[in-house]
Each structure stands twice: as structure tokens, then as C-alpha cells.
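# Coordinates for the following, if possible.
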Amino acid sequence: MFFRYFLKASSSRMASADKMMVKAKGPVWHQKQKRKGIIPKGLRGVDREATWCTSAATGWVYGHGAFSIVPHKVPIVGLFVWMRNSANEAKRMASEIISYREQIKTICMDSKADDAGLYYWLKIELGMQLLTKCRRGFDKTEPRRQMKREMSKRRFQAIYKRRSVTVEPMQGLVKNIFDLDRCWMRGDDNNRWLFAAMGVAVQIAQWQAYKVKQSTWNIKTMVLGV
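Numbers count the residues shown, from 1 in each chain. You can find the predicted model right below:
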């Protein structure tokens with residue numbers, strides 16, 4: 001509700017989506033052993049519901065994921081919610097963005113969204129332009145080549161670069177405010193409501209800052225009350 005209202009109030013039409021990986025509370029449960037349901041002797045306090053995922057920036061992480069959408073015009077946390085670390089963030093983006101089809105007309109995401117089916121579904125069904133980074137060696141069909149040509153336009157490249165000053169640092173802001181290098185709690189349900197509470201707390205502070213024309217980045221003191 002807040003995000004939809006904010007998009008309308010700020011006339012924001014472009015946004016970026018991203019997933020952040022957060023290490024699980026407790027020790028690491030290695031993939032091969034987790035698949036077999038084997039917890040080594042002496043491994044105590046492991047988060048049994050955390051999952052594995054990897055990225056080029058951080059490598060393999062055993063933990064939970066936080067999914068975010070941030071508008072380009074005014075940087076605020078539009079959405080900050082828990083998701084399984086092993087889940088596909090492009091699919092999560094597709095399911096979330098439907099709610100904002102009337103406001104958001106351009107959505108940016110990293111190469112995890114490099115999918116021709118998703119590109120044309122957003123374009124045809126939602127009237128939304130997806131901008132992503134195409135992987136090399138995958139432009140073997142005409143639909144993919146057309147997708148790549150469209151996204152290569154100079155104005156679209158300039159829009160895509162906004163990810164680096166919107167959603168990426170916003171994930172870092174939330175992480176810094178709540179010391180979220182590691183999850184506070186174990187389990188999907190516990191982290192689901194905790195991440196949601198973090199997102200709402202940041203939204204409230206950023207809305208207050210926006211109304212008095214202050215920076216929506218310098219809100220740590222407001223959120224923590226110190």
C-alpha cells in the first residue's frame with residue numbers, strides 16, 4: 001500500500017529490483033550433507049531452513065535472501081521482504097511487479113533476469129520495459145537478439161546504470177542500519193517477519209525525510225532512535 005501510494009505521489013515510473021544474500025545464524029550446513037539430511041556430530045545451532053546460493057560478487061552463501069524494489073526518482077525502500085536464498089529472484093520480481101503495473105513502466109535487474117520469455121511477458125502482458133544485463137553466448141535466437149538490440153539503446157543503458165545508485169546501495173543501507181551481515185534469527189518464518197519489520201521501519205523514516213525534503217539515505221539515527 002505504501003509503495004503504491006509513494007509511486008503515485010512522487011510520479012516515479014522506473015525502479016530496480018535485487019536480491020541480497022544474508023548469512024544464516026549459526027554454523028554452515030554443507031550442501032551435500034544438507035541434501036542427505038545429515039547433521040555432523042558436534043554441529044550445534046544450525047539453521048535447518050536456510051539454503052545455499054551464489055553470486056559473482058560474494059560467492060556461495062548459506063543463509064536467507066532479502067528481495068528489494070527501489071524507485072529511481074526518489075531512493076526509498078519500496079519493498080524489502082524475505083525470500084528463500086536459493087529461490088530465483090527474477091521469478092520473485094515477476095510475481096511482485098504485477099501489483100505495480102499501473103505505476104512502474106521500466107524495471108531493472110541484473111543478469112538473473114536475462115530471460116527472453118520474461119522480457120516479452122513483461123512487455124506484452126504488463127506494458128513494462130525490462131532492462132537487464134545479457135549473458136554472452138546466449139543470443140542464438142531472433143527473439144533474444146531483438147531483446148538485446150532493444151536494451152542496447154543509449155537511453156536504456158543510462159537508465160540501467162541507475163541500479164548502482166539505487167537498489168544496490170539501498171540493500172547496503174538496510175544491512176548497515178540493522179547490522180545484518182548475519183541473520184538475527186533462525187528459520188524461514190522468523191526471518192520473514194523480521195525482514196518485513198526492518199523494511200517498514202526504513203520506509204517510515206524515509207517517508208518522514210522525504211516530506212521535509214531531507215536525504216532519504218541519512219536515516220539511521222531516525223530508525224534506531226539514537
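# To what extent is the residue nearest to residue 84 when sequence neighbours are not counted buried, counted in neighbours?
Excluding the flanking residues, the one nearest residue 84 by Cβ to Cβ, 6 or more residues apart in numbering is residue 51, at 5.5 Å. Quick note: C-beta positions are derived from backbone N, CA and C, even for glycine. Neighbour count of residue 51, defined by other Cβ atoms under 10 Å: 20.
# Residue 102 now?
There are 11 residues near residue 102, going by other Cβ under 10 Å.
# Same check on the one 4 residues further on?
For residue 106, the number of neighbouring residues by other Cβ under 10 Å comes to 18.
# ok, the residue sitting furthest away from the middle of the chain - contacts?
Within the chain, residue 41 marks the point farthest from the mean C-alpha position, 35.7 Å out by Cα atoms, centre = their mean. For residue 41, no contacting residues are found, by Cβ atoms under 8 Å, 6 or more residues apart in numbering.
# How about residue 217?
So residue 217 contacts 75, 169, 173 (Cβ under 8 Å, 6+ apart).
# among the residues you listed, which ones are buried?
Burial by neighbour count, judged by 16 or more other Cβ atoms under 10 Å, picks out 75, 173 from those.
# Can you get me a residue count around residue 88?
Residue 88: 15 neighbours (other Cβ under 10 Å).
# Setting aside sequence neighbours, what's the nearest residue to it?
residue 112 (7.1 Å).
# May I have the secondary structure class of that neighbour?
Under DSSP: H, G, I helix; E, B strand; the rest coil, the three-state class of residue 112 is helix.
# Sheet-wise, list the partners of the longest strand anywhere in the chain with their directions.
Longest strand in the chain, counting residues (DSSP state E): strand 59-71. Using DSSP bridges, the strands paired with strand 59-71 in its sheet are strand 14-23 (antiparallel), strand 51-55 (antiparallel), strand 79-84 (antiparallel).
# and the strand or helix carrying residue 32, what other elements does it pack with?
Residue 32 belongs to helix 31-36 when assigned by DSSP states H and E. Helices and strands touching helix 31-36, as assessed by 3 or more Cβ pairs under 8 Å, 6 or more residues apart in numbering; DSSP states H and E, are absent.
# Great, nothing more from me.
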